[in-house]
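Colleague: Would you be able to build a 3D model of this:
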Amino acid sequence: MKRILLLLLSFIPLLVFAKQNESWFSIGIKPGVMYYQGDINKSRLFYAPDFSRGGFAALHFNERYATKISIEKGTAKGAVKDFNNIPQFNPNENFNSPLLDINLQVDFNFLPITPFEIRTKNFSTYVSAGFGMEFLMKDFPKTRFSIPFGIGADYLFGENWGIGIEWNYKKLLYDNLDGKINHTNGSLFLNNDWISVLGIKVYYNILGTPYECHTYDDKSKSKRR
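Modeller: Reported below is the predicted structural model:
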């Protein structure tokens with residue numbers, strides 16, 4: 001919990017930066033579903049989904065780029081009996097792994113989006129990538145790492161409010177989430193497990209002061225004085 005608190009506190013200077021520039025700061029919630037892929041479930045989407053709950057904070061540097069930290073809690077689970085193509089496993093085996101997922105990512109918007117021009121720049125799709133940590137909470141707590149990447153879309157329906165959808169995949173840098181370690185198919189990295197989260201975002205924008213350029217202002221007014 002101390003690490004989580006430190007990560008959240010690290011965004012306070014960024015909030016001050018956002019208030020003094022044309023960037024802005026967002027904070028919101030992101031409920032959704034979490035599911036697993038790995039040695040038991042190799043390809044089935046949304047297999048054994050679990051309700052995930054979490055939130056995020058983001059600093060939008062401009063209309064295209066943002067950085068964010070997100071925290072999500074859910075459970076990865078599965079059962080061998082749900083699949084017929086893994087005879088090497090006991091059909092009575094199953095796993096249930098509650099975890100806390102923390103990600104630091106950078107977003108790139110395909111379209112310009114900003115609350116300062118809400119009528120014309122209020123929607124965009126985006127891609128996202130970064131670095132993550134998983135806190136496995138079953139039995140003895142353990143910390144592991146991941147590479148998250150995803151896609152999403154945002155819609156601003158006011159200067160201060162927005163909604164969106166985001167689908168993230170997290171390539172785990174370990175292969176024991178489901179209690180199975182696969183040594184047979186290539187490198188260990190390729191055999192590592194995956195976590196995926198599909199979520200709906202609702203967030204509040206804290207606006208800074210947009211920068212105004214006065215280079216081309218009419219200087220004749222000042223000369224008349």
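Colleague: Check which helix or strand the most centrally placed residue in the chain maps to.
Modeller: By Cα atoms, centre = their mean, the chain has its centre lying nearest to Ser70, at 5.3 Å. Here Ser70 sits within strand 65-79, counting by DSSP states H and E.
Colleague: so how far is Leu59 from the residue nearest to Trp194 when sequence neighbours are not counted?
Modeller: Once flanking residues are discounted, Trp194 sits nearest to Gln37: 4.3 Å by Cβ to Cβ, 6 or more residues apart in numbering. (C-beta placed from N, C-alpha, C; glycine too.) Distance of Gln37 to Leu59, computed by Cβ to Cβ, to the nearest Å: 31 Å.
Colleague: buried residues in the helix or strand hosting Arg53?
Modeller: Using DSSP H and E, Arg53 maps to strand 50-60. Neighbour counts over strand 50-60 (16 or more other Cβ atoms under 10 Å) mark Asp50, Ser52, Gly54, Gly55, Phe56, Ala57, Ala58, Leu59, His60 as buried.
Colleague: thinking the residue nearest to Trp194 is in contact with Ser196, fair?
Modeller: Yes - applying Cβ atoms under 8 Å as the test, Gln37 and Ser196 come out as touching, 6.9 Å apart.
Colleague: Near Tyr65, how many other residues are there?
Modeller: 14 (other Cβ atoms under 10 Å).
Colleague: Over to Val197?
Modeller: Quick note: Val197 (other Cβ under 10 Å) scores 25 neighbours.
Colleague: who's it bridged to?
Modeller: Met34, Asn168 (DSSP bridges).
Colleague: How about Val202?
Modeller: Assigned bridge partners for Val202, using DSSP bridges, are Ile29, Ile163.
Colleague: sorry, back to before: and the residue nearest to the centre of the chain, what are its bridge partners?
Modeller: Here Ser70, judged by DSSP bridges, has bridge partners Phe56, Asn103.
Colleague: I figured it hits Gly54, correct?
Modeller: Yes - assessed by Cβ under 8 Å, Ser70 is found in contact with Gly54 at 6.2 Å.
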